[in-house]
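Trainee: Please work out how this folds:
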Amino acid sequence: MTDSIRAYLKDIRPIPLLTPEEEVGLARRVQKGDKEARDRMIRANLRLVISIAKRYMNLGVPLGDLIEEGNIGLMRGVEKFDPRRGYRFSTYAAWWIKQGISRAIIDQGKMIRVPVYMNEEILKYKKTVEKLTHKLNRKPGFAEIAKRMRTTADRVRELDNSIARMLSLDAPIGDEGDGLVMDIIEDESAAGPDTDLEKFFTKERAVSFLDMLDDRERRIMELRYGLSDGESHTLAEIAKELGVSRERIRQIEVATLQKIRDIMRRERPHGKDDQ
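Mentor: Residues are numbered from 1 along each chain as shown. Next up is the predicted model:
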């Protein structure tokens, strides 16, 4: 940790956190264009940015840059937060902070996201190299690999460069099971942090819906949407706690959201559809 970051931490440490009531009041003022309220919300949550940024320190980007990008995400979160939704700002802001950090990792960490069709080609390339290495007792050249793959040497060179630059999306973030790289990479087609939840959840209604779920569904929703501790957790984090795969948690979340939608439809007056 650099001296400048230590000094920054020292400067923001005395900034008091906001109570839920203060948070709502400031958020309402932000919606009316109050810059002072906006600055106060940002400053009160700078430590949240640091706590999230520190999880991703081993992905090739300096901590200072992670904090800077996370702060930009925090600013966007402050501007877009709607206190009427009924959940804490920290739950909402964490999503924006992680997206800012993920962009920094992609840009500065030189990560590339490989399309599905290239994954298959890369797999074929790796198998070909393995077979030729065994057969020739040495590493094969690009021309030899290209001949076996029935492609050009230039294409083989492109595949080799892609592998050299690629950080697997299945790679762990840290040594303590903090999740996978894929968990922080922004899906540009995905909805925002509150798109699913806000359609049918206020804090009060969430409690009544949770009572209708089984224990596992309830726990996943509590963790995923920060209903228990105010912090939204990644699929990988929840999978680790419950001892199942990341994909299984995603499947259960999707099914549970649909279950809640079905309950909502039954509760509505006849003839009213989902917005």
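Trainee: What pLDDT is listed against Thr195?
Mentor: Taken from the predicted model, the pLDDT recorded for Thr195 is 48.
Trainee: And for Ile220?
Mentor: Per-residue confidence for Ile220 comes out at a pLDDT of 89.
Trainee: in the protein, which ranges drop under the pLDDT threshold?
Mentor: Judged by pLDDT under 70, the chain has its weakly predicted residues at 1, 58-60, 106-119, 163-208, 226-232, 264-275.
Trainee: Now with 80, please.
Mentor: By pLDDT under 80, the weakly predicted segments of the chain are 1-2, 56-61, 85-87, 102-120, 161-211, 224-234, 257-258, 260-275.
Trainee: so where do the helices sit in it?
Mentor: Using DSSP state H, the helices of the chain run over residues 3-12, 20-31, 35-44, 46-53, 63-80, 89-108, 116-136, 142-149, 153-165, 195-198, 203-210, 215-224, 235-242, 246-267.
Trainee: In a markdown table, list the ones you listed along with mean neighbour count.
Mentor: In this view, the C-beta of every residue, glycine as well, is placed from N, C-alpha and C. As requested, those are exported to a markdown table (neighbours: other C-beta atoms under 10 Å):
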| stretch | mean neighbour count |
| --- | --- |
| helix 3-12 | 11 |
| helix 20-31 | 16 |
| helix 35-44 | 17 |
| helix 46-53 | 19 |
| helix 63-80 | 20 |
| helix 89-108 | 22 |
| helix 116-136 | 13 |
| helix 142-149 | 17 |
| helix 153-165 | 14 |
| helix 195-198 | 17 |
| helix 203-210 | 14 |
| helix 215-224 | 18 |
| helix 235-242 | 19 |
| helix 246-267 | 15 |
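Trainee: Grab the nearest non-local neighbour of Arg43.
Mentor: Residue nearest to Arg43 in three dimensions, not counting chain neighbours: Ile15, with 5.3 Å by C-beta to C-beta, 6 or more residues apart in numbering.
Trainee: Give me the neighbour count for the one you found.
Mentor: The local packing of Ile15 (other C-beta atoms under 10 Å) involves 13 other residues.
Trainee: and it, what does it touch?
Mentor: The contact partners of Ile15, by C-beta atoms under 8 Å, 6 or more residues apart in numbering, come to Arg43, Ala44, Leu46, Arg47.
Trainee: is it true that the last one touches Lys10?
Mentor: No: under the criterion of C-beta atoms under 8 Å, Arg47 is not in contact with Lys10, lying 12.0 Å apart.
Trainee: tell me the contacts of His9?
Mentor: Just so we're on the same page, residue 9 is Leu rather than His. By C-beta under 8 Å, 6+ apart, the residues touching Leu9 are Ile50.
Trainee: what about 10 Å?
Mentor: If a contact means C-beta atoms under 10 Å, 6 or more residues apart in numbering, then Leu9 has Met1, Leu46, Arg47, Ile50, Ile67 as its contacts.
Trainee: Output the residues you listed in CSV; the columns should cover distance to Asp214.
Mentor: Written out in CSV, the entries for the contacts of Leu9 read as follows (distance: C-beta to C-beta, whole Å):
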residue, distance to Asp214
Met1, 44
Leu46, 39
Arg47, 36
Ile50, 37
Ile67, 40
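Trainee: of all these, which two lie farthest apart?
Mentor: Comparing all pairs in these by C-beta to C-beta, the longest separation belongs to Met1 and Leu46, at 15.9 Å.
Trainee: Spatially, what comes nearest to Met139 if we skip its sequence neighbours?
Mentor: In this structure residue 139 is Lys, not Met. Thr133 (5.8 Å).
Trainee: separation between the one you found and Arg40?
Mentor: Separation of Thr133 from Arg40 (C-beta to C-beta, to the nearest Å): 61 Å.
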